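Undergrad: Predicted model and sequence follow; I will ask about them next.
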Amino acid sequence: MTERDGGRRPREGRSGTVPDDADAGVRQSVDSPLPSSLVPLEARRLSVHFGNRSALDCVDARFAAGETVSLLGPNGAGKSTLLKALAGILPPSHGEVRLHGRAVRRPSSAIVYVPQRSGVDWGFPVSVLDVALLGRGLRRSRFAPLGGRDRRDALDALERVGMRHLAAVQIGQLSGGQQQRAFLARALVQDGAVYLLDEPFAGVDVPTQELLVGLFGRLRDAGKTIVYASHDIAQAVASSDRIMLLNRRLVAAGPPARTMTEANLRAAFGGQAIVPVASSAAS
């Protein structure tokens, strides 16, 4: 099963928000704000602290319907923290997250969160089909039994990610790419408005990477919002409408061609040797 045809070049013209106190010389990419009806998810001066340590500092961001946004930054930049706060899993220390204008204080069925594979207990005795069915969890009472329709939807989602033939397999027997596909099936079953994915491209094979890009394209075409964290600059440029550069604060945000400049990359990654990719993004 291949998803290559679903990938598309990023589109320009999505909204981005950057801090007022940006470093001099760092170019900020900001488009005209979109109407609030087209922005299902937003962070307002969002900060998250762990004791005396600031993991995220005063981030303002808006995520539009029908766009893919990648989060780039070094280890410890706050990418995972931002995703968990947007998902309602991690409470803000200051500021807020809003979904369709309402404050997010707990996980919502409208927000699909896919964690890093490294944080999952893959020895747990559940099958691939069981994992997909977990996508129904936030959409029904914990006491309501799963029915035939739920099972059909889960099997259909597994088919979409090329995993239906492995529905009965225990998750610990899967490869890294297959585990990621099982998570994607669960996300499809949940059928939210916003998809938040933490390092979905990490440690997976090329066919799974292609499937992810194709899936993102189809979700975007269906009006969904996709936000994912990554360390792969080239992949982010190729598969995102907008890129957010983070280093505990928002360094820059906007279309790849305008955001991935040498000044912005050095502001986000510090003294690490980063090759500017703005020219390739613009081609």
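TA: Looks like it arrived, so ask away.
Undergrad: what residue ranges in this protein score low on pLDDT?
TA: 1-38, 138-145, 271-283 (pLDDT under 70).
Undergrad: quick one: the strands in it?
TA: Listed in chain order, the strands of the chain (DSSP state E) span 41-50, 53-63, 67-72, 94-99, 102-103, 111-114, 194-198, 225-230, 242-246, 250-254.
Undergrad: With Val213 as the reference, name the closest of these.
TA: strand 67-72 (9.3 Å; C-beta to C-beta). Every C-beta, even on glycine, is put in place using the N, C-alpha and C of the backbone.
Undergrad: Between the strands of the chain, which one is closest to Phe183.
TA: strand 111-114 (5.1 Å).
Undergrad: For the strands of the chain, give me JSON lines that also has mean neighbour count and distance to Asp130.
TA: Listed next are the strands of the chain as JSON lines, based on neighbours: other C-beta atoms under 10 Å; distance: least, C-beta to C-beta, whole Å:
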{"stretch": "strand 41-50", "mean neighbour count": "19", "distance to Asp130": "29"}
{"stretch": "strand 53-63", "mean neighbour count": "21", "distance to Asp130": "30"}
{"stretch": "strand 67-72", "mean neighbour count": "26", "distance to Asp130": "29"}
{"stretch": "strand 94-99", "mean neighbour count": "17", "distance to Asp130": "28"}
{"stretch": "strand 102-103", "mean neighbour count": "10", "distance to Asp130": "32"}
{"stretch": "strand 111-114", "mean neighbour count": "23", "distance to Asp130": "16"}
{"stretch": "strand 194-198", "mean neighbour count": "24", "distance to Asp130": "20"}
{"stretch": "strand 225-230", "mean neighbour count": "24", "distance to Asp130": "24"}
{"stretch": "strand 242-246", "mean neighbour count": "27", "distance to Asp130": "34"}
{"stretch": "strand 250-254", "mean neighbour count": "27", "distance to Asp130": "38"}
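Undergrad: can you redo those strands as TSV with distance to Val204?
TA: TSV is the format used below for the strands of the chain (distance: least, C-beta to C-beta, whole Å):
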stretch	distance to Val204
strand 41-50	25
strand 53-63	24
strand 67-72	16
strand 94-99	28
strand 102-103	34
strand 111-114	12
strand 194-198	12
strand 225-230	12
strand 242-246	20
strand 250-254	26
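Undergrad: who wins for proximity to Asp153 among those strands?
TA: Of these, nearest to Asp153 by C-beta to C-beta is strand 111-114, at 14.3 Å.
Undergrad: contact partners of that closest one?
TA: 41, 83-84, 86-89, 99, 104, 107, 135, 183-184, 186-187, 190-198, 200 (C-beta atoms under 8 Å, 6 or more residues apart in numbering).
Undergrad: filter those residues to the buried ones?
TA: Burial by neighbour count, 16 or more other C-beta atoms under 10 Å: within the contacts of strand 111-114 this picks out 41, 83-84, 86-88, 99, 104, 135, 183-184, 186-187, 190-198, 200.
Undergrad: Mind jotting down where the helices sit in the stretch 101-250 of the chain?
TA: Secondary structure of the stretch 101-250 of the chain by DSSP state H, counting those that start in this stretch: the helices cover 128-133, 148-160, 176-190, 206-221, 233-239.
Undergrad: Val169 is nearest to which of those helices?
TA: Per C-beta to C-beta, nearest to Val169 of these: helix 128-133, 5.4 Å.
Undergrad: list the buried ones in the closest one?
TA: Val128, Leu129, Asp130, Val131, Ala132, Leu133.
Undergrad: List the contacts of Ala268.
TA: Leu72, Gly73, Pro74, Ala77, Leu245, Leu246, Asn247, Val251, Ala252.
Undergrad: That one and Leu82: what is the separation?
TA: 14 Å (C-beta to C-beta, to the nearest Å).
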